Every structure is written in C-alpha cells, then in structure tokens.
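Trainee: Let's see this in three dimensions:
(chains A and B)
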Amino acid sequence: MRSSIRALFAFFVAAFFAFGSLPAIAASGDATVGAVFDISGAAGSYGDGQKNGLQLGEDYVNKNGRVHLSFDIEDAATQKAQAVNLFQTFTTGGKVVAIVGPTLSSEAFATDPIAVSAGMPVLGISNTANGVTALGPCVFRNSLTEAAVVPHALKAVIDRYHVNTAAIIYGNDDAFTKTDYDVAKAALDADHIKIVSTQTFSKGDVDFQAQLTSIKAANPDLLFVGALAVEAGHIVADAHTLGIKSHVVGGNGLNSPQVYSLSGGAADGVVVGAAWAIGAQNPGNIDFVEKYRVRFLKDPDQFAAQAFAAAQIMENVLTAAKSLTPKDVCDSMKSMKPVNTVLGAFSFTSNRDASGDGVVLVVKNGRFIGF
Amino acid sequence: MLAQQLVNGLFIGSVYALFALGYTLIFGVLDILNLAHASIFMLGAFTTLVLVLKGVPLLLAILGGALAGGLLGVLLDRVAFWPLRRRQAGPLAPLISSIAVGMIYVGTANGIFGPDVRHFPFDVVRTPTYTIGPVTFTLAQLTIFIASLALMAGLQLLLRRTRLGAAIRAVAENPRAAQLVGIDLESVYAQTFFIASALGAVAGILFALTFNAVSSVMGSAVELKGLAVIVLGGMGSIPGSLLGGLLIGLSEDLSVAYLSSGYRDAIVFAILFLMLIIRPTGLLGKRGLRTA
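Mentor: Have a look, this model is predicted:
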C-alpha cells in the first residue's frame, strides 16, 4: 500500500516537471487570454452577454489577422470562491497572458489580488465599484465607473425637471450596487436634494413591493435605483404598479434591454447613465450590434459591448507587446494609445480606469435613446 | 402605508405557504426533507412559460405546469428516495440525494433555457390594477391569493374526506401498520410526491406570474423561506403551513416598512430562532397531518 502511494507521488512529481513547465506561448503571435465570467447563478444573465461579446470579439480579432487570439472562458457561477479558484488556475497554469473579468466588482476584490501577486494583468470589463484598479499596478478596466456616469445622469434629470426630494433603493450585498448608493448620495447631497427614503434589497430578490410602498409614502420627486438589470426591471415594474410617479434614474446596471423587457411599458422614461449606447452611430458599433443580433438572436447589452471592446483592446495590446508574457502585456497596456472600439475611442487613465463621461440615455417605447 | 404593507405581505405569504405545503406533506408522510422541492417550483414555472409561448391558454398551461411538476416529483422519488428507502438508509442520505437531484434539475433548466431571466408575454400577465382606499393591488395578485387558499383547502379536504387521504394519513401514522391493513406503501408514496410536487409547481407558476420572471435560480428565493414556514407553522401541519407562510410574508413586509429593509431576512430568521426556543414543535404542533 505504502509503495503504491509512493509510486503515485513519484508519478505526480514527474508529471509536474514534465508538463508544468511547458512554455506559456506555443508560437509567436498566438496568445491565450483567460476570462472569468458568471455565466450561471444569480449574475448569469450578465456573464452570458459577456461570453457572447467576447466570442464575437475573438472572431473579429482573428479575422483581422494582426494577432491570433483565443479566449479561455470559464464560468464562476456567481460564486466568489469559484472565481478565486479560476484565477488561481489561470495564474499558475502558465497558459494565459492576461485575464478578462470577473463579472462582479465584489468578486474582483477577491480575485484581482491573486493576479496582482502573480504579475498577471487583469482587464475588468464590468467592475465599476470604487477602488478596483487600486488593487494593483496591472489591474485595468474598460468599464466606466459609477462615479463617472451616475452624477451626470442625476444632474441631467435635476436640471430638466423640478427635483427637491429623492429616494434611493439599492442592493446592499454587492460592491457595485453599494457604490451606486455612495455615488448617488454624494451627488444628491452636493445638489442639496433631500433624501427622504433609503431602501435596500439583496441580489436575486424579485419582490420589491415592501420597499417601494415605503418609498411611495415618502413621495420623492426622483427615485435612484442602484441595481443590476434584472432587479432594476422588477423595481421599475413594481413602482409602476404601485403608482409611483417619481423620475427613475440609474447607472450602468440599468443599461440593458432586460430593464424594459422585464417591465414592459413601465420602463418608459427611465433615465440611465451608462458607458455605451446601443444606438451609437460609430461604424464599429453598428457592425457589432448587427452581428450580435444575427448570431445570438437578441440585442446586445452593455456587458456584451464591453466584452467585445476587451477583445479589441487586447488585439492592440498584444500586437504592441514586446513579447507575449504577462509582464510585457501589462507594460503594453500601460502605454496603450487610444483604440477605436465599440465604446468609441478608448484609452486608459493614469489610474488604469476607462476615460470619459459616458452617455445619458432614456427609455422611450422600449428602446434606449439619448436623453 | 400599513394597509398596503399588510396586503403585500399576505400576497407573498400565500405563495410561501403553498410552496411549504409540499415540504410539509412529504415530511409528514416520509419523515424526510425534500430539498429538491425548490427546483420543481422552478420547473413548473418554466413548463407553463413554454406552453404559454407555444400559444396554449394560460389556465391550461398552468395545469400543464402542475402536471409536469407532479411527474417530476414522482421521478424524484424513484431516483433519489426509493433506492435509499429500500436499503433503509438513515434520514441524512435522502436529504443529500434530494439536493443532488435538485441540482441536476436546476442545471438542466440552465442548459435548456440559459441563465437569462425569462418573462411571460405582457398581454398574458398584465391585469387590471385596483385601488381601494390606501391599498393598490392587481387582479393577478388577488387571484393568486385566492387560488393559494383554495388549493390548501382542497388538500385538507382530500386528506380528510377521500380514501387516498385516509391511506396517506395511515402511512404517515405508521407505515408498517398501514401495510398490514393492505395499503400499498409505494403507491401512496408516489401519489404523495405527485400531489406535493404539483402544489410546489403551482406555487412556482403563481410566483412567476406575480413577478413576471422565470429563471433557473428562482427557487433559491423561496427555498429557505419554505423551511422557515414549516418550522414556524409546525412540521407536518397543513394549517401550520398557511399560518407560517402568512406570518413570514407579513413579517418580511413589516420589517421593511418599520425597521430596515437591510434586516428583512435577519428579522424573519430571528423570529424563527425565537420560535425554536419557545416552541420547538412550531405554532400548530407536529402531528397536524396525521390528525388532519
């Protein structure tokens, strides 16, 4: 028995030395980038769009032929522990030169330090909470933060309508929606708007009647929704049913067709501060939206667009990198020139965040248009 | 505002109660917790959604969803419980195998329908909204409340007035004695699973119609609440499920309205915790099903 255990151990040691030290890149110009998305679980509908966007992006890049890129897309199943596991696998496997993801900011706070200590660059495409890129010198994101888009949207509504009071409803168990709350509260306070009711919910909730009944009793002029698309769709529908007449405003999380598909006509008039508009007329975007519809039989959302942009960014980064090692890829990201993407001309700030103010959109007849 | 919150609580509470009935029925008869119940809740909703999208009228689609739920319950019994029952495994093994089947059901739904939240066409679920004094509710909510109560009353009648009900109660009381008087145990188990799962599926369908959302993870919203309901109401008691469901629905809504929405679930489970300390058998005792 003992000798067989010893033999097994020897086999694993031999296997480790035989296969564990294979070169990271098979041939020059071929690169694998890891991707960690929540394709199933509570955030599954966001990760699904990201997976689709990245797959479409992979085809686009490989068709261009400047670099041969393949994405190894893995499902974190909306579980932080699984996301951590996948980051460990990618950083120790020697196969990938960078990681795209994870889907949620709350996951990024757990996963990105793993990549940082391994010197692996990370490109977040949907992490919009404060402080994500501060985790390390190779943590980047192409998603405009809530701090960039939310104050703009609020300001636009306050300037246009008569707003004295506001209520906030937000998810208090998620870094992204909590950031929404912090940013919105600061912006409203700065504008001397009185916050008359603050309500919270949890990820995956579908019943918001109790919170909204309290909000209705406070009768605010403006209702800020700090939520991801699915919860936001339900909140908008419930608010409509209860007869809440406040101007509804939200951030990036609400920039998804799900907001109007889940709430029917109730979403008309909802104002959203976001990083991307489905109707943006740059040629790359028109082409992307068309191809996405053909391949996946639905409209892309911002998650899909940012994933596609990640492929476009990686194409430029990898082409310009001195060699296809994580260190050189990180250096190449730091010195990246503005790139034309579906999000428009894109560049990183000195803090490795996305630059820009985003767009303010409003839902009209079940579509997003400029506010 | 209080009146509206009470109405909100009663609506959601009646769905919790209906869902918890399935737990309580199976627990009452087999003394096991069926943790795959939440996945049948979800599959019932998906079946109805698919039927509605294929043009089947809503009422028929609901019946179809209930039937599918019932059959999946029977399948669950054959796969997860029957082999263990034959080997007289302890109470823990069936608990674990029901979790496994539940995960397979959720994974299958995820594979077929994807992770997106699906919804019914709005012309199917958009019902008139009524405002009476300070209270606003939709026709769908009212229908769901009445349907939940009617189904619970129906189950109570079935257990009390029919031959099958008598057989179920006999098996719940003492399986061996029931077998001695000629009751086919396996048939009673299968029928119990069918009824419990069909009710769970109907709860899922009503839940999906109320919030117009169907997704593979929708069961997790009620899974723990259902357990809280049967502990609060009394394991194995049908009136207990009703009472427990309504109390949990109400305490959720009132804690949001008057305390803090952040503590909603904490308050519900604190009530449960207190109940376990003060009255471990729940509000209406343990032997409800057997004496129903």
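
Trainee: can you give me the strands in the chain?
Mentor: If you meant another chain, say so; for now it's chain A. Using DSSP state E, the strands of chain A run over residues A:30-37, A:68-75, A:99-100, A:122-124, A:139-141, A:165-171, A:194-201, A:222-226, A:247-250, A:271-274, A:339-341, A:344-346, A:359-364, A:367-370.

Trainee: Correction: the question concerned chain B.
Mentor: B:129-132, B:135-138.

Trainee: Just the residues contacting the first one, thanks.
Mentor: Looking back up the chat, that one is strand B:129-132. Strand B:129-132 has contacts (CB atoms under 8 Å, 6 or more residues apart in numbering or on different chains) with A:241, A:243, B:136-139, B:142. C-beta: built from backbone N, CA, C; applies to glycine.

Trainee: correct me, but B:Gly70 touches B:Phe194?
Mentor: Yes - in this structure B:Gly70 lies within contact range of B:Phe194 using CB atoms under 8 Å: 4.1 Å.

Trainee: Give me the more crowded residue out of these two.
Mentor: The neighbour comparison of B:Gly70 against B:Phe194 (other CB atoms under 10 Å in any protein chain shown) goes to B:Gly70, with 24 against 19.

Trainee: Just list the residues touching residue 183, thanks.
Mentor: Reading this off chain A. Contacts of A:Val183 by CB under 8 Å, 6+ apart are A:130, A:146-147, A:150-151, A:251.

Trainee: wrong one, I was asking about chain B
Mentor: B:167, B:170-171.

Trainee: Pull up the gap between it and A:Thr213, please.
Mentor: Per CB to CB, to the nearest Å, B:Ile183 is found 50 Å from A:Thr213.

Trainee: if we can go back for a sec, select, from the contacts of strand B:129-132, the two members most distant in space.
Mentor: A:Gly243 and B:Leu142 (16.8 Å; CB to CB).

Trainee: Of these two, give the one with the bigger neighbour count.
Mentor: Shown here are A:Gly243 and B:Leu142; by other CB under 10 Å, B:Leu142 has more neighbours (14 against 11).

Trainee: Bridged to the residue lying closest to the more buried one once chain neighbours are set aside, which residues?
Mentor: Spatially, and ignoring its direct neighbours in sequence, B:Leu142 is nearest to B:Tyr130 (7.8 Å; CB to CB, 6 or more residues apart in numbering or on different chains). Legend: beta-bridge partners of B:Tyr130 under DSSP bridges are B:Phe137.

Trainee: what's the spacing between B:Tyr130 and B:Ala147?
Mentor: 17 Å.

Trainee: do A:Phe37 as well
Mentor: Taking CB to CB, one finds A:Phe37 at 39 Å from B:Ala147.

Trainee: In terms of packing, which of these two has more residues around it?
Mentor: Neighbours were counted for A:Phe37 and for B:Ala147 using other CB under 10 Å; A:Phe37 has more, 33 against 18.

Trainee: if I pick whichever residue of the stretch 251-371 of chain A sits closest to chain B, what's in contact with it?
Mentor: Relative to chain B, the nearest point of the stretch 251-371 of chain A is A:Gly264 (4.2 Å; CB to the nearest CB). Each residue near A:Gly264 by CB under 8 Å, 6+ apart is listed here: A:237, B:122, B:126.
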